[in-house]
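Engineer: sequence unknown, structure follows:
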């Protein structure tokens, strides 16, 4: 752990009004105007603070401008919307489509740039919401760990914080690093909340003359409540007296749109016939959730050697066995609802035993990866044959295909997820495939989702599940019926912390 326990406790106690003691931290380079006259020495990892660099079309590749951001998860950054619009500074402007113009930094973790692979805004949010989520192409560590981190947003009414002192962070303005690896100084200050509405907070200058300024945009203010340490808002506009987009402006998208991987265990209370019912606030009464599901290892050794799908009914999402076999008690499923799209099998994309996908992140990209789950709700049908993925070099399209070579029916639908997915070739050991990847090795807390992918020797043909092998410190994919894995077993793997 890099942070001081005493510093952490002092910081939490001081959230109600005193000056925060500096924590043990790392040098993050130089900057011109971070939190004006703010304190230095904050641990960026502990507080999950990252820099968002905009490099635009700079001929030398240097940053045009700087914003701050907060890790909600190890690969999901909350920042101000105006930091990623193509008009730079306009809350209402269109989000920049060329994400290669942005990079993320957090101290000595960033020996090279961390790219942004997706941007998510609040769906159906109010027009002045100045917040977005940035999805990184790899994990940051936080407090010495890549796994399991989640930063919560307060559920208390924002006016209840009026008159309180809150802890605010920022990397400052006017940063033009000499290289991508340069970074600003993270500074912080306890600032007074001087105005509040249902959606906004305003923080002002404290008695020491400290305040937020440009470049602190996208950083966050925190406080301590009965909920623990929680986010209050995202630094938005102004200098001296700064408006923050309050937690209601981003809480739903952070909890629902990018819900992390969860684990569901079947029991008599949640299972009937071939169906098990999920009870999750991020999914309940949300028929539009794009649910991905995968099978995990049961502590009691229960296996479910049946193809699965998902559907929505009666306000709840459900996982079911496609062949209508009874769902056993004690079976384990990994599930996640987040970004993605529904692919419908239809005449225009059917090619024999395959259906071709049409998506800009997949087209012409043989190195791409994605996972999918059959969605019964969208097409009201069962399908029991094994499916896998492959790239067709002639059409330059990715395909989902029937491994047995049968023709696909034109009534199937799949929930497809691309973000955070990667190709992993396993090491075959009998009925198992040992996965080796930096995001998985030694990381038992993550929740993996796997989809078969055609490898050199074909694809796995039976339902699989994942398990963590503590002695190997590796994740393993194994066949549910105990049959042998093919040589060089290959999978698309999505990892959620």
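Structural biologist: Received, thanks. Just so it is clear, the structure is predicted and the values come from calculations on it, not from any experiment.

Engineer: Quick check: the closest residue to residue 442 other than its chain neighbours vs residue 438, distance?
Structural biologist: Setting aside the residues directly before and after it, residue 442 is nearest to residue 473 in space (C-beta to C-beta, 6 or more residues apart in numbering), at 4.4 Å. Placement of C-beta: from N, CA and C, glycine included. Distance, residue 473 to residue 438, by C-beta to C-beta, to the nearest Å: 12 Å.

Engineer: one step back: in this structure the residue nearest to residue 442 contacts residue 436, no?
Structural biologist: No. Using C-beta atoms under 8 Å, residue 473 makes no contact with residue 436, being 10.1 Å away.

Engineer: which ones are touching the residue nearest to residue 490 when sequence neighbours are not counted?
Structural biologist: Sequence neighbours aside, residue 455 is the residue nearest to residue 490 in space, at 3.3 Å (criterion: C-beta to C-beta, 6+ apart). Neighbour list for residue 455: 425, 486-490 [criterion: C-beta atoms under 8 Å, 6 or more residues apart in numbering].

Engineer: Could you do residue 169 as well?
Structural biologist: Residue 169 neighbours (C-beta under 8 Å, 6+ apart): 35, 42, 47, 49, 68, 70, 186-188, 216, 219-222.

Engineer: Identify the bridge partners of it.
Structural biologist: Per DSSP bridges, the residues bridged to residue 169 are residue 188.

Engineer: do the same with residue 320
Structural biologist: Bridge pairing for residue 320 - DSSP bridges - gives residue 275, residue 309.

Engineer: if I pick it, what's in contact with it?
Structural biologist: Contacts of residue 320 (C-beta under 8 Å, 6+ apart): 274-276, 308-311, 327, 376.

Engineer: List the contacts of the helix or strand hosting residue 312.
Structural biologist: Following DSSP states H and E, one finds residue 312 within strand 308-313. Residues from elsewhere that reach strand 308-313 (C-beta under 8 Å, 6+ apart): 287, 289, 291, 293, 295, 317-322, 333, 335, 373-377, 382-383, 415, 463.

Engineer: now residue 392, nearest residue through space, not along the chain?
Structural biologist: Residue 392's closest residue in space is residue 399 (C-beta to C-beta, 6+ apart), at 5.5 Å.

Engineer: Same check on residue 377?
Structural biologist: That would be residue 311: by C-beta to C-beta, 6+ apart, it lies 4.3 Å from residue 377.

Engineer: swap in residue 151?
Structural biologist: residue 72 (4.9 Å).

Engineer: Just give me the neighbour total for the one you found.
Structural biologist: Per other C-beta atoms under 10 Å, the neighbour tally for residue 72 reads 25.

Engineer: Same check on the one 5 residues further on?
Structural biologist: The local packing of residue 77 (other C-beta under 10 Å) involves 27 other residues.

Engineer: Against residue 371, how distant is the nearest residue to residue 417 once chain neighbours are set aside?
Structural biologist: Nearest-residue entry for residue 417: residue 340, 4.0 Å, with adjacent residues in sequence omitted and distances by C-beta to C-beta, 6+ apart. Separation of residue 340 from residue 371 (C-beta to C-beta): 9 Å.

Engineer: Of those two, give the one with the bigger neighbour count.
Structural biologist: residue 371 (27 against 23).

Engineer: So which of the contacts of strand 308-313 are in strands?
Structural biologist: The strands, defined by DSSP state E, take in 291, 293, 295, 317-321, 333, 335, 373-374, 415 from these.

Engineer: Turn those into TSV, including distance to residue 303 and pLDDT.
Structural biologist: As requested, the ones in strands among the contacts of strand 308-313 are exported to TSV (distance: C-beta to C-beta, whole Å; pLDDT from 0 to 100):
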residue	distance to residue 303	pLDDT
291	22	92
293	16	96
295	9	97
317	23	96
318	20	97
319	15	98
320	16	98
321	12	98
333	12	96
335	18	92
373	19	97
374	20	97
415	24	96
